[in-house]
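Trainee: sequence plus the predicted model coming up.
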Amino acid sequence: MFIVIIAGPPGSGKGTQAQMLAENMGFVHISTGDILRREIEAGTELGKIAKARIDDGNFVPDSVACEMIVNVFKTHTDTTGFVFDGFPRTFSQCGAFEEILIPYNTLPDIFIELKVPESELEKRLLNRNSVLPRPDDSDISIIRHRFRLYEEKTAPINEWYKSKGIYTSINGDGDVNQVFERIISVLPEKIK
Ligand code: ADP
């Protein structure tokens, strides 16, 4: 089973690229943000816990994110691979992910960080909000708070994956298809 992680700040296009990659490879795309937004929509207990935090641009607790991932593996028992977007997001989630993967005898194969200048990210998020409104995209101070959280809590996990030898960064600025080509070009041979 192959595990690809697509990372990057809010607006970097990780959702779009993760979905394209999963379709291309026949893998399952898992976006923890999408799962949480569906739970909020459905008004579940998890959705209730998540709503205030997400709307304010904060993370849900690590335990909540990890439980979602445990369920993902219980649900998709016969896939050949996963593309994760939005998980792991903290050091604690990186460690927990390895534990979750023990029964499946696997580890992440590649971690791809999409890099995009912050001025471009702001433009993309405000534009996305005008097409598909989201409370956490509708206020510039919440958007900037998410950038800071990314820098403080998520970008440091690059070091974790660098130490495992699976970190790659990609220029995420440019056309969607161009960025996709760049991703395909860094995938390990065994996945292609
Ligand atoms: P973004 O483009 O802002 O990263 P996502 O759809 O990936 O958007 O995530 C939206 C929100 O969902 C995040 O700001 C956070 O509140 C919550 N979330 C998603 N994944 C996680 C996670 N692994 N751990 C904690 N919170 C998460």
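Mentor: Arrived safely.
Trainee: what are the buried residues along the helix or strand encompassing Phe180?
Mentor: Using DSSP states H and E, Phe180 falls within helix 176-186. Of all the residues in helix 176-186, those buried under the rule 16 or more other Cβ atoms under 10 Å are Val179, Phe180, Arg182, Ile183. Using the backbone N, CA and C atoms, a C-beta is placed for each residue, glycine as well.
Trainee: now do stretch 95-115
Mentor: So for stretch 95-115, counting by 16+ other Cβ under 10 Å, buried means Ala96, Phe97, Ile100, Leu101, Pro108, Asp109, Ile110, Phe111, Ile112, Glu113, Leu114.
Trainee: for the record, mean pLDDT for the helix holding Phe180?
Mentor: Taken as a whole, helix 176-186 has a mean pLDDT of 97.
Trainee: now do stretch 84-102
Mentor: Rounded mean pLDDT across stretch 84-102 is 98.
Trainee: check stretch 133-145 too.
Mentor: Per-residue scores along stretch 133-145 average to 95.
Trainee: and the end-to-end length of that stretch?
Mentor: Using Cα to Cα, to the nearest Å, one end of stretch 133-145 lies 18 Å from the other.
Trainee: heads up, I number from 3, so please use that
Mentor: New numbering, starting at 3: the last item is stretch 135-147.
Trainee: measure Asp87 to Met22 for me?
Mentor: 11 Å (Cβ to Cβ, to the nearest Å).
Trainee: could you do Ser143 as well?
Mentor: Distance from Ser143 to Met22, by Cβ to Cβ: 31 Å.
Trainee: who's more crowded, these two?
Mentor: Legend: neighbour count by other Cβ atoms under 10 Å for Ser143 and Met22, higher for Met22 (20 against 7).
Trainee: how about that one: what's its closest non-neighbour residue?
Mentor: Leaving aside its sequence neighbours, Met22 sits nearest to Phe182 (Cβ to Cβ, 6 or more residues apart in numbering; 5.4 Å).
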